[in-house]
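Trainee: Pasting the sequence and the predicted model now:
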Amino acid sequence: MDTHSHLRKYLRLYPQWHFRPPKIQTARKLQKLGSDYGGYFVDPLLVSSDAIVYSLGVGEDISFDLSVIEKFGATVHAFDPTPKAKTWLESQSLPEQFSFQAIGAARFDGEVDFYLPPRSDFVSHSIIRAQQYSRDSIRVPVMKLSTAMRRLQHSRLDILKMDIEGAEYEVLDDLIKDDIYVKQIVVEFHHRLSSIGIAKTRAAISALNNYGMKISYICPRMEVFTFIRLD
């Protein structure tokens, strides 16, 4: 299925996008890093060996993280509080540039309920209560992005990657509120969740635009975006 077919199918599922669909705002020569499932598009000209890369939500696919390490030699700081992700990572042979913390991202420091996936063979948990997740939950530690950066002594981010099952909206709001400087954001928006919807993604895009971040990539499903700071 080509890109236009994907788009037509997606617009049938989410007719709200018919009105002011998001568009590319800055054309860049992007490169995909990672697998078909877990890969993201970034501008390689904005990444160096001393780049500070945060990967929020890794599950059982760190192909993006490993590609960043292999291509640029940068250290990737990965965060994921789910037990299954932690267990899987412990079974892997990981490069020293991959730094993992079993902590989630939120707009506060503390603990929160993470709702379990609907099937035991799924890995994704969510801070969002929605029909797509179980009513059962576990308690996990979370922290603000600014807290993580302060602990790791980072004053900027070169790449912020987020696949955090609906928590991205509050993390992005908090990022803007705390005036965190980031060059590139790659994020999967979860407006498909029953308790979120397209309006929250529209608001997040608008807020990022006002913060100087412009869209340079949109996936055919209109869920995964790359934003690049223009300054």
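Mentor: Nice, thanks for sending it over. Residues are numbered from 1 along each chain as shown.
Trainee: which helix of this structure spans the most residues?
Mentor: In the chain, taking DSSP state H as the definition, the longest helix is helix 198-210.
Trainee: on contacts alone, who are the packing partners of it?
Mentor: Counting contacts by 3 or more C-beta pairs under 8 Å, 6 or more residues apart in numbering; DSSP states H and E, helix 198-210 is packed against helix 168-177. For every residue, glycine as well, the C-beta is placed using N, CA and C.
Trainee: tell me the angle the helix or strand that the helix it packs on is followed by makes with helix 168-177.
Mentor: Once the chain leaves helix 168-177, the next helix or strand it forms, by DSSP states H and E, is strand 182-188. Strand 182-188 and helix 168-177 are oriented at 170 degrees to each other (axes from the mean of the first three to the mean of the last three C-alpha atoms, to 10 degrees).
Trainee: So which residues make contact with strand 182-188?
Mentor: Outside strand 182-188, the residues that touch it by C-beta atoms under 8 Å, 6 or more residues apart in numbering are 40-43, 46-47, 156-163, 168, 172, 175, 208, 213, 223-229.
Trainee: what does stretch 40-53 give?
Mentor: Counting by C-beta under 8 Å, 6+ apart, 28-34, 64-65, 68, 71-77, 154, 156-159, 161, 183-184, 186, 216-217, 224, 226, 228 sit against stretch 40-53.
Trainee: Then stretch 23-37?
Mentor: Under C-beta under 8 Å, 6+ apart, the answer for stretch 23-37 is 39-45, 61, 63-68, 71, 209, 214-218, 226, 228, 230.
Trainee: again, only this time at 7 Å
Mentor: Contact partners of stretch 23-37, identified using C-beta atoms under 7 Å, 6 or more residues apart in numbering, comprise 39-44, 61, 63-64, 67-68, 71, 214-218, 226, 228, 230.
Trainee: Enumerate every residue touching Val224.
Mentor: So Val224 contacts Tyr40, Glu188 (C-beta under 7 Å, 6+ apart).
Trainee: let's number from 419 now, not from 1
Mentor: Got it, the first residue is 419 from now on, which makes the last one we talked about Val642.
Trainee: Would you point out which residue is most central in the chain?
Mentor: The C-alpha lying nearest the average C-alpha coordinate of the chain belongs to Met580 (C-alpha atoms, centre = their mean; 1.2 Å).
Trainee: pretty sure that residue contacts Tyr472?
Mentor: No: counting by C-beta atoms under 7 Å, Met580 stays clear of Tyr472, with 8.6 Å between them.
Trainee: so for stretch 445-460, what's the average pLDDT?
Mentor: Average pLDDT, stretch 445-460: 94.
Trainee: Can I get that stretch in CSV? Just the C-alpha atoms.
Mentor: What follows is stretch 445-460, C-alpha atoms only, in CSV (Å, rounded to 0.1, in the frame of the first residue of the first chain):
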residue,chain,number,x,y,z
ALA,A,445,11.9,20.1,4.6
ARG,A,446,15.0,18.2,5.7
LYS,A,447,17.1,15.4,4.5
LEU,A,448,16.1,12.9,7.1
GLN,A,449,17.4,9.4,7.7
LYS,A,450,15.5,6.5,9.2
LEU,A,451,17.2,4.8,12.2
GLY,A,452,16.0,1.5,13.5
SER,A,453,13.6,-1.2,12.4
ASP,A,454,10.4,-1.0,10.4
TYR,A,455,8.5,-1.3,13.7
GLY,A,456,10.7,0.7,16.0
GLY,A,457,12.5,3.2,13.7
TYR,A,458,12.3,7.0,13.5
PHE,A,459,13.4,9.7,11.1
VAL,A,460,15.9,12.2,12.2
